[in-house]
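Visitor: Generate a structure from the sequence data that follows.
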Amino acid sequence: MTVTPTPATLLSAMQDIVGAGNCLTADADTESYVTDYRRLYKGKAPVVVTPTTTEQVSRVMAWCHANDVPVVPQGGNTSLMGGAVPDDSGTAVVISLKKMHRVLAIDTVNDTMTVEAGVTLSAARAAADEARRLFPLRIGSEGSCQIGGNLSTNAGGTAVLRYGNMRDLVLGIEVVLPDGRVFSSLKGLRKDNTGYDLKHLFIGAEGTLGIITGAVLKLMPQPRSTAVAFVAVQSPAAAVELLGRARALSGGAITAFELISSPALELVLEYLGNIPSPLESRHDWMVLIELTSGIDEETLNGTLMEILEAGLEGGLVVDAAVASSLADVQQFWRIREEISDAQTRTGGSIKCDISVPVSRIAQFTENASAKVLALEPATRMVIYGHMGDGNVHFNPLRPRERDAKSFLAQWYKPVSDLVDGLAHAENGSISAEHGVGVAKRDDLLQYKSSVELELMWQVKRALDPKNLLNPGRLLPDIDAAGKSGA
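Guide: Take a look at the predicted model:
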C-alpha cells in the first residue's frame, strides 16, 4: 500500500528532479497556474513544477506514479472549459511546460518544424515565417497558448476550412506516459503504415493519457497574396449559399469564412473603443472572407470581386468593404479576434461552442436564436465563428441592464442545455474546438453513447490505471449513469 507523501517529501522530491528554482509553492507564485482563463475555476496545488527537459518530465511522472500523486499538465492555461487547472483538494502537482520552449529544427525540404511543447503558437508561426514557410493554425490566444496545449485540445481556429484542425497539422509527437515512460515518435513522415497511429490517442485527450512534450509540425508554402472582405449578408442561409459560390469560384483559395452577428460586432467595437465599423450601415449578419493563394495579388483580388458580384446578383450580399491595405486586413481581423475577450470583459456570456454540418448552420442558428429570445427577449445574441467548417460560437450575452451574476444564475444551464440539445438534434457536437474539461464533462453522459464512453474509459485505464493524470477532466463518471464502472 502506497503511503501518501507529506508536502515536505513531495517538494523535496520535485526539487531534486527539476531544481528548487523550478518549483513554485508560494500562493502569489502559483495563483496564475491554479486559476483558469475565465476565472471560473480555481484550485490548489502543493507545488507547480516547471521542467526544462522531457527527461525531467519523465522523472516527475515516474515519482508521482510510484507515490500515487495526481498530476495536472498545463500549457498556456487559455482553456475555456476549466481543463487545465487542478481541483481544490490541493493534492495534484501542476506541471507547466512553459520552459520547454525551443524550436529544435526546421526542415524546409521536408516542410516540417520540430518544437518542444512549450513553444507558443505565435513563436511557432514566427519561426515558420522566418524560414519562409507557413504554420497555418490561427487562434486569438496565439501569444499565450502553447503547441502542447494546442495538440491536447486539437485546436481549431480560423483557418480550419483550408488547413484542418491541429490533428491535421502534426506528423509526430513525443509524450511522457503516466508511469514516466516516454513514447517518442518525432518523425517527419507523411507515410508510415506500421500499425496503430498512436499519436492520435493523445491529440485531443486534454492531458488525460499523457503529457505531450514535443511535436513535428507540418509547414506550408507562404501565400504570395491575400484578399479580405467584410461582407454584409441577408441571413445565415445567404451566408451558407455565398460560401458555396465562393468555393466554386475560388478554386480552393478560401482560407477563412467567419460569421459575425450584429450584437457581436457592436460589442467588440464598443470594447475596442476607437475602431469604426468596416461598413457604414448596421446589418444583422456579416461574414469575414479571406482568400490566400500563390497567384499574384491582382488576380486574387479579381477572384474576390467575382465572388462578391455573384453574391450581389444573387441577392445574398447587401454591402461589402474590401481591404485595400495590410492595415485594413489587420483591422478586419482584429475585430473578429477580439470578440471573445470583449465578452469576457463584459461578463455574463453563456459560451456554447457547437458544430453542425454546414448545411444545417442556418436552421440551427435561426432556431436556437428564436428559442433563447423567447426565454429572455433582451438577450444580446453574440454569434460568431467558423462557418466554413460548421463551428458556431453561439454565446447569448446578458441584457445591458442585467448584472452578469444573476443572468448566469438564472439562464446558464437552461440555455446551455437548450443550445446543446438543438445542436445534437442536427447531428452536431456540443464542443467543436474548446474541448470538454470540467465544464462539459458530465454533459457527455447525455450526448455520448454508452459504447463510446466505455471505450474512452478502457483506453484511460490501459494507459493510466491509477487515474492520476488530469483526473476529473474530460471523462464523466459512468458509474453514476449506471454503466460499467470507471
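
Visitor: how many neighbours does A123 have?
Guide: 18 (other Cβ atoms under 10 Å). C-beta here means a position set from N, CA and C on the backbone, and glycine is covered the same way.

Visitor: And for Q330?
Guide: 12.

Visitor: how about it, phi and psi?
Guide: phi -60, psi -40 (degrees, to the nearest 10).

Visitor: And the residue nearest to R473 when sequence neighbours are not counted, what's its pLDDT?
Guide: Sequence neighbours aside, G83 is the residue nearest to R473 in space, at 4.9 Å (criterion: Cβ to Cβ, 6 or more residues apart in numbering). Looking at G83, its pLDDT is 93.

Visitor: ok, G83 - how many residues close by?
Guide: 29.

Visitor: need the helices for the stretch 51-200 of the chain, in chain order.
Guide: 54-66, 121-130, 147-152, 160-163, 199-202 (DSSP state H, counting those that start in this stretch).

Visitor: Does A227 touch T299 like I think?
Guide: No: in this structure, A227 is not within contact of T299 by Cβ atoms under 8 Å, at 9.5 Å.

Visitor: Compare those two and say which one has the larger neighbour count.
Guide: Ranked by neighbour count (other Cβ under 10 Å), A227 and T299 place A227 first, with 25 against 12.

Visitor: Mind checking what secondary structure that one has?
Guide: Classification of A227 using DSSP: H, G, I helix; E, B strand; the rest coil returns strand.

Visitor: what is it paired to in the beta sheet?
Guide: Counting by DSSP bridges, A227 is bridged to L291.

Visitor: residues in contact with it?
Guide: 290-292, 297, 300-301, 303-304, 322-323 (Cβ atoms under 8 Å, 6 or more residues apart in numbering).

Visitor: any idea how far it lies from A253?
Guide: Going from A227 to A253 by Cβ to Cβ, to the nearest Å gives 8 Å.

Visitor: anything in contact with each of those two?
Guide: Joint contacts of A227 and A253 (Cβ under 8 Å, 6+ apart) are 291-292, 300, 303.

Visitor: Looking at neighbours, which among these is most surrounded?
Guide: L291 (27 neighbours).

Visitor: Test my guess that it contacts G302.
Guide: No: taking Cβ under 8 Å as the definition, L291 is not a contact partner of G302, at 10.5 Å.

Visitor: Could you find the closest non-adjacent residue to G472?
Guide: Closest to G472 by Cβ to Cβ, 6+ apart is D87, at 6.0 Å.

Visitor: Now the one you found: phi and psi?
Guide: Residue torsions, per degrees, to the nearest 10, at D87 are phi -80, psi -170.

Visitor: got the contact list for it?
Guide: 43-44, 472.

Visitor: From A264, how far off is it?
Guide: In terms of Cβ to Cβ, D87 sits 33 Å off from A264.

Visitor: got it, and G19?
Guide: 47 Å.

Visitor: ditto for K351
Guide: Taken as Cβ to Cβ, the span from K351 to A264 is 13 Å.

Visitor: now do A232
Guide: 13 Å.

Visitor: Show me which of those two is the more surrounded one.
Guide: Set A232 next to A264 and count neighbours by other Cβ under 10 Å: A264 wins out with 27 against 21.

Visitor: now for the host helix or strand of the more buried one, which elements pack on it?
Guide: Element membership for A264, per DSSP states H and E: helix 262-272. Contact here means 3 or more Cβ pairs under 8 Å, 6 or more residues apart in numbering; DSSP states H and E; on that basis helix 262-272 packs against strand 285-293, helix 326-337, helix 339-346, strand 380-386.

Visitor: Please repeat the previous calculation with a cut-off of 6 Å.
Guide: Judged by 3 or more Cβ pairs under 6 Å, 6 or more residues apart in numbering; DSSP states H and E, the packing partners of helix 262-272 are helix 339-346, strand 380-386.

Visitor: What mean pLDDT does the last one get?
Guide: Averaged over strand 380-386, pLDDT sits at 96.

Visitor: Go ahead and name everything in contact with that strand.
Guide: Residues from elsewhere that reach strand 380-386, judged by Cβ atoms under 6 Å, 6 or more residues apart in numbering: 160, 259-261, 263-264, 267, 339, 369, 391-395, 397.

Visitor: do the same with stretch 115-128
Guide: Outside stretch 115-128, the residues that reach it (Cβ under 6 Å, 6+ apart) are 97-98, 100-103, 134-135, 142-143, 145-148, 212-215, 219.

Visitor: buried sites along it?
Guide: 115-121, 123-125, 127-128 (16 or more other Cβ atoms under 10 Å).

Visitor: From start to finish, how long is it in a straight line?
Guide: End-to-end distance for stretch 115-128, by Cα to Cα, to the nearest Å: 11 Å.

Visitor: And stretch 41-52, by the same measure?
Guide: Stretch 41-52: ends 27 Å apart by Cα to Cα.
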